[in-house]
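In: no FASTA, just this:
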């Protein structure tokens, strides 16, 4: 047996097998730089800066009620009604003498901002001359005043004021009427004897701005918040900032001890997630009075829901780890996904994929996040392979990147679909209900949500949605004797 004749072809055949095996495995050449997707058209703020951004928050109106006790005003009006009325200082005092003494405490009723005053007097009238000598005693008279409480903007304060619009004095039938020293009936002369213009001035001055300022700055601050709502399962807080822009005070309803001022607060409310809600930046109350708008629009809050890249990377890794990617039409070449992660890249999402198997190395994808399903999920519909990765793969074989992308792109898109419905529903449920912020009680009902946008930053993704519903507030104030600063419209920001 001649070994030499068989050994000659074995070595070439073995080399061919080895070369063929090596041809089935490729390593992606290292890219000279990390791919950078095209920059977005506008600058993207950092996540921390966006937390207090208010430019996109919609303008909403929250009806509110300010409850207060008008007993101090009632007392001031009652004290301003004269106990004793005489001819002192009156032009007729040289010809006549009269004295009226209040027989009981005046009645002062306040209802729906209207004031009614009734006081009773007993007195006497006597002429000083002998030509028409006459003395009437007793003369019973009544003083009746009606008017309205007004909300006044004076300098830098908003206060109660009183406008007595109608004053009348009448004598009672049981009064002494034996004679008459005047040219008109005594009952017609009585208003002049009482000095009604002076009484009107005294009543107006009794309810003055310094004594009956309304502490609206305190209400403004309470409406601003923040209202801190615990999100226990997320170990964080949803912070509702009312962000008021203007308060409008309207009608008064109720009795003396239980008066309600109806009003409306224009707000640009927004919600952020924070470990501990930060104090709102102080602003000065802008207050006006006038008719309230009858337009019934939804109360809309802008919510910024965070979703970290750590969460997204974990979701991608758990869904794609060790999944196989077919690299050719015969399925003979395959790659295995070893690691997938996501990060921010100039406002876009950058996905890094580590492969092993017949194609080894790193491939980069990027895309723009988008809200779907009415703001209940997010996706990256325009996900695409980075040009740097295309060039690196095509250096192996022209057009090879398309074969790699055909299956890998679809896997990445499916894995990147994030369902945030549970988180959004939890926020809606937490917001709905009765809440207290300082001295203000708010009732909020969230009825639906609308998608706005998704923003990417180095800190993570921020899902921005609009929550619509109804809201109203009630606050209790005590009238105080100091001015409450409030900007007039001409001083507004």
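Out: Received, thanks. Since the model is a prediction, treat every value here as computed from it, not as a measurement. Numbers count the residues shown, from 1 in each chain.

In: Strands of the stretch 301-450 of the chain, residue ranges please.
Out: 324-326, 334-345, 348-357, 359-367, 370-372, 377-379, 384-385, 418-419, 433-437, 440-457 (DSSP state E, counting those that start in this stretch).

In: hmm, who's touching the first one?
Out: Outside of strand 324-326, the residues that reach it under the criterion Cβ atoms under 8 Å, 6 or more residues apart in numbering are 333, 334, 335, 336, 337, 355, 357, 359, 404, 407, 408, 411. From N, CA and C alone the C-beta is placed, and that goes for glycine too.

In: next one: stretch 153-167 to chain centre, how far?
Out: Chain-centre distance of stretch 153-167: 30 Å, with Cα atoms, centre = their mean, to the nearest Å.

In: do stretch 321-328 as well
Out: Taking the mean of its C-alpha atoms, stretch 321-328 sits 50 Å from the chain's own mean (Cα atoms, centre = their mean).

In: And stretch 391-401, by the same measure?
Out: The chain centre lies 54 Å from the centre of stretch 391-401; the measure is Cα atoms, centre = their mean.

In: With stretch 324-339 instead?
Out: Computed by Cα atoms, centre = their mean, the chain-centroid distance of stretch 324-339 equals 53 Å.

In: One more: stretch 460-477?
Out: Worked out by Cα atoms, centre = their mean, stretch 460-477 lies 6 Å from the chain centre.

In: cool, and stretch 106-123?
Out: Relative to the mean C-alpha coordinate of its chain, stretch 106-123 is positioned 42 Å out (Cα atoms, centre = their mean).

In: Just put the contacts of strand 324-326 in CSV and tack on pLDDT.
Out: Output for the contacts of strand 324-326, formatted as CSV (pLDDT from 0 to 100):
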residue, pLDDT
333, 84
334, 89
335, 90
336, 93
337, 95
355, 92
357, 88
359, 88
404, 91
407, 91
408, 95
411, 96
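
In: Any chance of a PyMOL selection covering the buried ones in these?
Out: Here is the PyMOL selection string for the buried members of the contacts of strand 324-326, based on 16 or more other Cβ atoms under 10 Å:
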select buried, resi 333+335+336+337+355+357+359+404+408+411
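
In: which one of the contacts of strand 324-326 is nearest residue 394?
Out: residue 404 (9.9 Å; Cβ to Cβ).

In: what sits against the closest one?
Out: Residue 404 is in contact with 325, 327, 335, 359, 363, 385, 393, counting by Cβ under 8 Å, 6+ apart.

In: Go again with 10 Å.
Out: 28, 325-328, 333, 335, 353, 355, 359, 363, 385, 389-390, 393-394, 396 (Cβ atoms under 10 Å, 6 or more residues apart in numbering).

In: again, but for residue 63
Out: 250, 262-265, 292-293, 296, 299, 470-474.

In: Give me the secondary structure label for it.
Out: Three-state assignment for residue 63 (DSSP: H, G, I helix; E, B strand; the rest coil): strand.

In: For it, name its beta-bridge partners.
Out: residue 264 (DSSP bridges).

In: Distance check, the residue nearest to residue 174 when sequence neighbours are not counted against residue 194.
Out: Once flanking residues are discounted, residue 174 sits nearest to residue 140: 5.9 Å by Cβ to Cβ, 6 or more residues apart in numbering. Distance of residue 140 to residue 194, computed by Cβ to Cβ, to the nearest Å: 13 Å.

In: now the lengthiest helix in the chain against strand 348-357, angle please.
Out: When the chain is parsed with DSSP state H, its longest helix is helix 400-416. Inter-element angle recorded for helix 400-416 and strand 348-357: 120 degrees (by axes from the mean of the first three to the mean of the last three Cα atoms, to 10 degrees).

In: roughly how far out does helix 400-416 sit from the chain middle?
Out: Distance, centroid of helix 400-416 to centroid of chain: 44 Å (Cα atoms, centre = their mean).

In: Use 20 as the first number for this chain going forward.
Out: Will do, 20 is the new start, and the previous item becomes helix 419-435.

In: What separation is there between residue 453 and residue 460?
Out: According to Cβ to Cβ, residue 453 stands 6 Å off from residue 460.

In: Looking at the two, which has the bigger crowd around it?
Out: residue 460 (17 against 8; other Cβ atoms under 10 Å).

In: does residue 129 really touch residue 135, like I thought?
Out: Yes: at 8.0 Å, residue 129 counts as touching residue 135 under the criterion of Cβ atoms under 10 Å.

In: which one of the two has more residues nearby?
Out: Ranked by neighbour count (other Cβ under 10 Å), residue 129 and residue 135 place residue 129 first, with 23 against 13.
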